[in-house]
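Novice: Using only what follows, build the 3D model:
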Amino acid sequence: MKIIKNILWFLLLAFGIAQFFGPEKNEGDLASVDAFFEDTNPPDDVKTILKNACLDCHSYTTRYPWYSQITPVNYWLANHIKVGKKHFNVSKWNDYDDRRKDHKLDELIEMVERKEMPLESYTWVHSEAKLSEDQIAAINEWASTVRLKYVFLKEAQ
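Specialist: Predicted coordinates for the structure are as follows:
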């Protein structure tokens, strides 16, 4: 019994010390996504959907919840954000050429249609990010329309 008690004290101490360490945060402001919004011109309802369901992981404008201060949760969240930005980062929209913009929007349509995005683990605590069928249709209609612009620009080159 004494060994178990010592192990529990050690684990509690290790957990407490771990709280002083954490990953680098993904902090920016909404200005980092202005180029994306200006270039793709989403309607207000789609813009709201993107802000609520996408930008936390796919831009430099992450809104961190209270539990993001707890180690090891903060590392788990940091990894999700890192992977999300690796696949699609609207804060770097101007760095993409027209072919890549078209491809990213095609992937967005595909992931939203399959309901693979936003991640289920994200919508557990961000209920406003859970997409209805109407929201999915609005995103897909907007992204498909914007893709036409990039397809035309690709062909013109």
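Novice: ok, the residue sitting nearest the centre point of the chain to Leu50 distance?
Specialist: Residue closest to the mean C-alpha point of the chain, counted by CA atoms, centre = their mean, is Cys57 at 2.0 Å. Separation of Cys57 from Leu50 (CB to CB, to the nearest Å): 12 Å. Where you see a C-beta, it was placed from the backbone N, CA and C, and this is true even at glycine.
Novice: now swap in Lys101 and tell me
Specialist: When distance is defined by CB to CB, Lys101 is 15 Å away from Leu50.
Novice: The closest residue to Asp106 other than its chain neighbours: what's it in contact with?
Specialist: Closest residue to Asp106 apart from its sequence neighbours, by CB to CB, 6 or more residues apart in numbering: Arg147 at 6.5 Å. Neighbouring residues of Arg147 by CB atoms under 8 Å, 6 or more residues apart in numbering: 102, 105-106, 109.
Novice: Now flag whichever of these is closest to Ser91.
Specialist: Nearest to Ser91 among those: Leu105, at 15.8 Å, using CB to CB.
Novice: Measure how buried the closest one is and give me the count.
Specialist: 21 (other CB atoms under 10 Å).
Novice: ditto for Leu50
Specialist: 21.
Novice: isn't it right up against Pro42?
Specialist: Yes. Counting by CB atoms under 8 Å, Leu50 touches Pro42, with 6.4 Å between them.
Novice: Below-threshold pLDDT in this structure: ranges please.
Specialist: 14-18, 22-23, 26-31, 152-157 (pLDDT under 70).
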